[in-house]
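Chemist: Here is a sequence with its predicted model. Questions after.
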Amino acid sequence: ILKYILRIFANLLSLQCEQIIQHLNHKIPGINTAELCQRIQTSGIEINVGDLAKIANVVSFLFSTAARNNLSTEELITTLGHAVSTLPKHAVQVIRHVWNEQGKSISVSEDARHTATVGQFVDVKWKLGVAMSSDTCRSLKYPYVTVMLKVADPSGQITDKSFEMTIPQFKNFFRQFKEMAAVLETV
């Protein structure tokens, strides 16, 4: 059973490492750790999203630093061995394999080395609702807009943010987006 668990863990770690490489190459906006966590839990391995996000941050930092310093696979593994002595052997093997296969594909421009990173927009969903009543008011009939944003932070972790706006707030929000669109048209 232990070999089976290690094989599943290695496959899922490999998938996470590949997603990190894709994120570092700007091919995907981020790493959906919640989805990956669910897949890992479905395979019978107990892990929470927070711990998986920490692993993703460490591996992302490892790969981006190795790319910036143009490290070979052996240099990366040696450096990793000096920094983290408690890393399981199968995890090191996965990192070695992924870096050996895809590590050189990470492009690090000179500008990227000196630029602060910000989050990246992934998706937006919205819905219109009407509050009908509350415990203090029987008849509200109060319309509102709920906006749900999916954002990838600089490390690639995808998070959901949601907020509600009154209709006047939404109209102001919409007006500002129209202004941005008009400015973009001039560029």
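Modeler: Perfect, I can see it now. Just so it is clear, the structure is predicted and the values come from calculations on it, not from any experiment.
Chemist: Would you mind listing the buried residues in stretch 17-24?
Modeler: 17, 19-24 (16 or more other C-beta atoms under 10 Å). Placement of C-beta: from N, CA and C, glycine included.
Chemist: Over to stretch 179-187?
Modeler: Result for stretch 179-187 [16+ other C-beta under 10 Å]: no buried residues.
Chemist: tell me the mean pLDDT over that stretch?
Modeler: Mean pLDDT, stretch 179-187: 85.
Chemist: Now do the domain split for the chain, please.
Modeler: The chain breaks down by the TED database into domains covering 1-114, 123-185.
Chemist: So which of these is the most surrounded?
Modeler: domain 1-114 (a mean of 16; mean count of other C-beta atoms under 10 Å).
Chemist: Residue most distant from the centroid, the chain?
Modeler: R138 (42.9 Å; C-alpha atoms, centre = their mean).
Chemist: Where does the prediction get shaky in this structure?
Modeler: For the chain, residues meeting the criterion pLDDT under 70 lie at 1-8, 83-86, 107-118, 154-155.
Chemist: beta partners for the residue positioned nearest the centre of the chain?
Modeler: In the chain, the residue lying closest to the centroid (C-alpha atoms, centre = their mean) is Q157, at 2.2 Å. When bridges are called by DSSP bridges, Q157 pairs up with I31.
Chemist: again with the one 5 residues further on
Modeler: Using DSSP bridges, the bridge partners assigned to S162 are M148.
Chemist: so it touches V145, yeah?
Modeler: No. At 11.0 Å, S162 and V145 do not qualify as touching, with contact defined as C-beta atoms under 8 Å.
Chemist: Dump the buried residues of stretch 17-24 to CSV, plus distance to H82 and secondary structure.
Modeler: As requested, the buried residues of stretch 17-24 are exported to CSV (distance: C-beta to C-beta, whole Å; DSSP: H, G, I helix; E, B strand; the rest coil):
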residue, distance to H82, secondary structure
C17, 20, helix
Q19, 26, helix
I20, 21, helix
I21, 23, helix
Q22, 28, helix
H23, 26, helix
L24, 23, helix
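Chemist: So which residues of this structure form strands?
Modeler: Counting by DSSP state E, the chain has strands at residues 120-131, 142-152, 158-166.
Chemist: neighbouring strands for the longest one, and are they parallel or not?
Modeler: According to DSSP bridges, strand 120-131 has the following sheet partners: strand 142-152 (antiparallel).
Chemist: ok, back up a step: do you know how far the residue farthest from the centre of the chain is from M132?
Modeler: 9 Å (C-beta to C-beta, to the nearest Å).
Chemist: quick one, which of the strands of the chain is nearest to A10?
Modeler: strand 158-166 (23.3 Å; C-beta to C-beta).
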